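Colleague: would you be able to build a 3D model of this:
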Amino acid sequence: MDVTYPYERRHSRWYEQFLLGWPFQLLVGLPLVIALPALDRWGWGFWQTITDHRFNTIMAIAMAFIGITFCLRRFTRFPGVQVASYIIPAVSLAFLLVVAVFFFTREEYTRQVVFSGYLVSLVWFFAGYFIGRRYRRSKVAVVPVGDAVHLKPTANIELRQLCTPEPDGTRYDAIVADLRSDSLGPEWEKFLAECTLCHIPVYHVRQMDEAISGRVRIDHLSENEFGSLMPSAMYASAKRCCDIIGALMLLPVLTPIMLVTAWVIRMDSPGPALFLQQRMGYRGKPFKVFKFRSMYIDQRGKGFTDGDNDPRITRVGRVIRKCRLDELPQLFNVLKGEMSFIGPRPESMQLSEWYERDVPFFRYRHVVRPGISGWAQVEQGYAAEVDGMITKLQYDFYYIKHFSLWLDILVLFKTIKTVFTGHGAR
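Modeller: Take a look at the predicted model:
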């Protein structure tokens with residue numbers, strides 16, 4: 001017996017799904033990004049004679065394109081991400097990586113074709129973003145029961161509260177409801193079941209709240225997407241290897257900058273160039289963090305930074321804080337295994353003890369290595385440690401819950417933006 005469903009999901013038409021999905025990117029975009037530069041350099045029929053350097057060049061463009069595609073698609077899963085802002089960084093990083101592989105392996109390739117592939121990729125992804133943006137803002141229906149009524153819309157998510165558990169003629173991308181509310185009732189439950197049968201995703205309010213805010217409520221511990229409190233051990237090991245390689249590559253480049261910074265600090269005010277402080281680290285073990293000194297040594301404070309107008313901060317200190325240069329010595333903490341490039345910022349022992357009194361499971365924050373930069377810093381800003389303590393912890397727990405390569409790359413891009421613009425730094 002045929003069943004006619006009264007609900008229809010937005011973007012359910014096959015051609016919209018195809019144009020917005022990865023099949024279109026791989027079946028249309030990939031051949032185009034390879035063919036245009038190859039035809040320009042090697043001419044028609046280049047595929048009939050595939051030499052080693054041509055094969056290497058084509059594979060490099062293909063791998064870069066595939067990496068960009070999946071990277072940008074993963075970014076859209078995180079809150080507040082405007083994909084257009086990350087097209088240039090993602091494309092540039094992908095092609096720099098393939099060129100670096102050629103440099104270290106000494107394999108032959110055609111530079112002109114790779115560079116042309118880079119330019120065509122930029123045009124392709126920007127064109128795809130602007131053409132598909134009319135479909136990119138999700139339209140979500142809200143069941144007006146329980147905590148769901150408190151959700152706030154964003155630039156990427158439009159929320160519409162339903163009046164009755166009946167189709168209203170609008171096609172939605174998803175439905176959100178407080179599935180644990182005692183007020184949900186059988187009619188709304190039947191409505192949600194019907195939506196699920198029509199392949200309209202139904203989300204619990206807490207999941208949607210995290211997707212909108214980028215924070216996790218800290219009224220209790222939250223498991224990750226695998227149902228565990230333990231972040232991926234495999235990714236943690238891979239990340240540690242990347243930290244070591246990255247630190248070893250950056251040290252020769254950044255050493256002259258660190259030497260100049262140390263000299264300027266010594267000329268600006270009395271005292272050592274480096275500042276060492278005991279902080280709570282990985283698995284709750286204390287360690288000494290290295291930073292360039294940005295304060296006067298003869299002034300006492302509260303034990304934490306008191307905003308932009310803290311009188312203890314020196315003239316040079318304000319500059320190096322704004323550009324994040326004061327964090328450069330932490331490369332040595334990364335090499336020692338005490339820190340990572342990306343992770344929750346390590347807190348002082350005094351603040352850690354204070355936090356633990358208010359949040360009993362604060363120690364769970366130390367299940368991953370602390371970072372030079374983190375999700376809380378790029379989302380909330382590099383604020384004074386005590387300002388917005390609860391909000392900062394919510395961001396940190398979101399990072400731990402979604403501990404992954406893609407979130408680390410996103411934090412890296414946001415950190416680079418902060419370094420060059422100074423926005424959000426203190």
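
Colleague: now Pro329, nearest residue through space, not along the chain?
Modeller: Among residues not flanking Pro329 along the chain, Phe290 sits closest, at 3.8 Å (C-beta to C-beta, 6 or more residues apart in numbering). Any C-beta I mention is one placed from the backbone N, CA and C, and that applies to glycine too.

Colleague: test my guess that that neighbour contacts Asn333.
Modeller: Yes - Phe290 is within contact range of Asn333, at 5.9 Å (criterion: C-beta atoms under 8 Å).

Colleague: returning to that earlier point: ramachandran angles for the residue nearest to Pro329?
Modeller: Phe290 has phi and psi values of phi -100, psi 130 when expressed as degrees, to the nearest 10.

Colleague: and it, how many neighbours?
Modeller: 20 (other C-beta atoms under 10 Å).

Colleague: for it, give its distance to Leu335.
Modeller: 11 Å (C-beta to C-beta, to the nearest Å).

Colleague: quick revisit: show me what contacts the residue nearest to Pro329?
Modeller: When the contact criterion is C-beta atoms under 8 Å, 6 or more residues apart in numbering, the partners of Phe290 are 274-276, 329-330, 332-333.

Colleague: could you chop the chain up by domain?
Modeller: Annotated domains of the chain cover 14-135, 138-213, 233-421 [automatic domain parsing].

Colleague: and Val140, bridged to which residues?
Modeller: Leu159, Ala174 (DSSP bridges).

Colleague: where's it relative to Pro256, distance?
Modeller: Here the criterion is C-beta to C-beta. By it, Val140 lies 51 Å from Pro256.

Colleague: out of the two, which sits in the more crowded spot?
Modeller: With neighbours defined as other C-beta under 10 Å, Val140 and Pro256 compare such that Val140 has more, 22 against 9.

Colleague: I'd say that one and Asp209 touch.
Modeller: No - in this structure Val140 lies outside contact range of Asp209 using C-beta under 8 Å: 11.9 Å.

Colleague: can you name every helix or strand that whichever strand or helix holds Phe115 contacts?
Modeller: Taking DSSP states H and E as the criterion, Phe115 maps to helix 111-132. Contacts defined by 3 or more C-beta pairs under 8 Å, 6 or more residues apart in numbering; DSSP states H and E place helix 111-132 against helix 14-20, helix 30-42, helix 52-75, helix 84-105.

Colleague: save these as a markdown table, and put in mean neighbour count too.
Modeller: Below are these laid out as a markdown table (neighbours: other C-beta atoms under 10 Å):
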| stretch | mean neighbour count |
| --- | --- |
| helix 14-20 | 13 |
| helix 30-42 | 18 |
| helix 52-75 | 19 |
| helix 84-105 | 16 |
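
Colleague: need the ones you listed in JSON lines (columns: distance to Val149).
Modeller: JSON lines is the format used below for those (distance: least, C-beta to C-beta, whole Å):
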{"stretch": "helix 14-20", "distance to Val149": "30"}
{"stretch": "helix 30-42", "distance to Val149": "45"}
{"stretch": "helix 52-75", "distance to Val149": "29"}
{"stretch": "helix 84-105", "distance to Val149": "31"}
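
Colleague: take the domains of the chain and lay them out in CSV including mean pLDDT.
Modeller: Listed next are the domains of the chain as CSV, based on pLDDT from 0 to 100:
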stretch, mean pLDDT
domain 14-135, 85
domain 138-213, 85
domain 233-421, 85
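
Colleague: with adjacent residues omitted, what lies nearest to Gln377?
Modeller: Going by C-beta to C-beta, 6+ apart, Gln377 has Arg345 as its nearest residue, at 6.3 Å.

Colleague: is it correct that that neighbour falls within a strand?
Modeller: No - applying DSSP: H, G, I helix; E, B strand; the rest coil, one finds Arg345 to be coil, outside a strand.

Colleague: how about the contacts made by it?
Modeller: Taking C-beta under 8 Å, 6+ apart, one finds 370-371, 373-374, 376-377 in contact with Arg345.

Colleague: please tell me how far it sits from His366.
Modeller: Arg345 is 12 Å from His366, where distance means C-beta to C-beta.

Colleague: same deal with Ser294?
Modeller: Distance check for Ser294 against His366: by C-beta to C-beta, it reads 25 Å.

Colleague: between the two, who's got more neighbours?
Modeller: Per other C-beta under 10 Å, whichever of Ser294 and His366 has more neighbours is Ser294, with 23 against 20.

Colleague: before we move on, which element is the nearest residue to the more buried one once chain neighbours are set aside in?
Modeller: What sits nearest to Ser294 in space, not counting adjacent residues and going by C-beta to C-beta, 6+ apart, is Gly317, at 2.9 Å. Per DSSP H and E: Gly317 is located in helix 315-322.

Colleague: next SSE downstream of that helix?
Modeller: Following helix 315-322 toward the C-terminus (DSSP H and E): helix 330-335.

Colleague: who are the packing partners of the helix or strand following that next one?
Modeller: Sequence-wise, the next helix or strand downstream of helix 330-335 (DSSP H and E) is strand 340-342. Applying 3+ C-beta pairs under 8 Å, 6+ apart, we find strand 340-342 packed against helix 233-268, strand 371-373, helix 405-421.

Colleague: let's go with 6 Å and repeat that
Modeller: Packing contacts for strand 340-342, counted by 3 or more C-beta pairs under 6 Å, 6 or more residues apart in numbering; DSSP states H and E, involve strand 371-373.

Colleague: can you tell me which helices and strands the strand it packs on packs against?
Modeller: So strand 371-373, by 3+ C-beta pairs under 6 Å, 6+ apart, packs with strand 340-342.

Colleague: ok, residues contacting the strand it packs on?
Modeller: 243, 369, 371-372, 408, 411 (C-beta atoms under 6 Å, 6 or more residues apart in numbering).

Colleague: neighbour-wise, which of these leads?
Modeller: Counting neighbours by other C-beta under 10 Å, Gly371 comes out on top of the contacts of strand 340-342 with 25 neighbours.
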